[in-house]
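Asks: Okay, structure incoming, though there's no sequence with it:
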């Protein structure tokens, strides 16, 4: 039996890092805060909300990609898992650009 690898789950949330209210994205599953770019380790596959870790994930790299825009790499504070996510249309562009320089990333 095939397992679905993507589930649209576009709920708003309160960011566990900056505590700002994050609205739904409108076109895909939102997986990180557009204001601080932190995420929450809640998905095993995009949008499924099936991961039991629930650790905060901080950006460890931002890489420009010709077709995908910016790709944000997150590391989970709790379990150490690393994952890549495409930036969203409403992400803080100045922060994305700033984080392309590793010296500007959050220190952990």
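Replies: All right, it came through fine. As the structure is a prediction and not an experimental result, all values here were calculated from the model.
Asks: how about stretch 56-64: buried residues?
Replies: 56-59, 62 (16 or more other C-beta atoms under 10 Å). Placement of C-beta: from N, CA and C, glycine included.
Asks: Then stretch 87-100?
Replies: 87-88, 91, 95-96, 99.
Asks: Just list the residues touching the residue at minimal distance from the centre of the chain, thanks.
Replies: Geometric centre of the chain, nearest residue: residue 32, 3.3 Å, by C-alpha atoms, centre = their mean. Residues near residue 32 by C-beta atoms under 8 Å, 6 or more residues apart in numbering: 38-39, 57, 72, 74, 85, 88, 91.
Asks: what about 7 Å?
Replies: Residues in contact with residue 32 (C-beta atoms under 7 Å, 6 or more residues apart in numbering) are 38-39, 72, 85.
Asks: ok, then the element right after the helix or strand where residue 71 lies?
Replies: Assigned by DSSP states H and E, residue 71 belongs to strand 69-76. Scanning forward in sequence from strand 69-76 by DSSP H and E, the next helix or strand is strand 82-86.
Asks: Can you pull out the residues in contact with that following strand?
Replies: Contact with strand 82-86 is made by 31-32, 39, 68-69, 71-75, as judged by C-beta under 7 Å, 6+ apart.
Asks: Tell me which strands it pairs with, and in which orientation.
Replies: Strand pairing for strand 82-86, using DSSP bridges, gives strand 69-76 (antiparallel).
Asks: Show me which residues of the strand it pairs with are buried.
Replies: Residues of strand 69-76 classed as buried by neighbour count (16+ other C-beta under 10 Å): 70, 72-76.
Asks: Give the single residue among the buried residues of stretch 87-100 positioned nearest to residue 17.
Replies: Closest approach to residue 17 among the buried residues of stretch 87-100 (C-beta to C-beta): residue 95, at 12.5 Å.
Asks: ok, back up a step: and of the buried residues of stretch 56-64, the nearest to residue 106?
Replies: residue 58 (5.2 Å).
Asks: Secondary structure element for the closest one, which one?
Replies: Secondary structure from DSSP H and E places residue 58 in strand 56-65.
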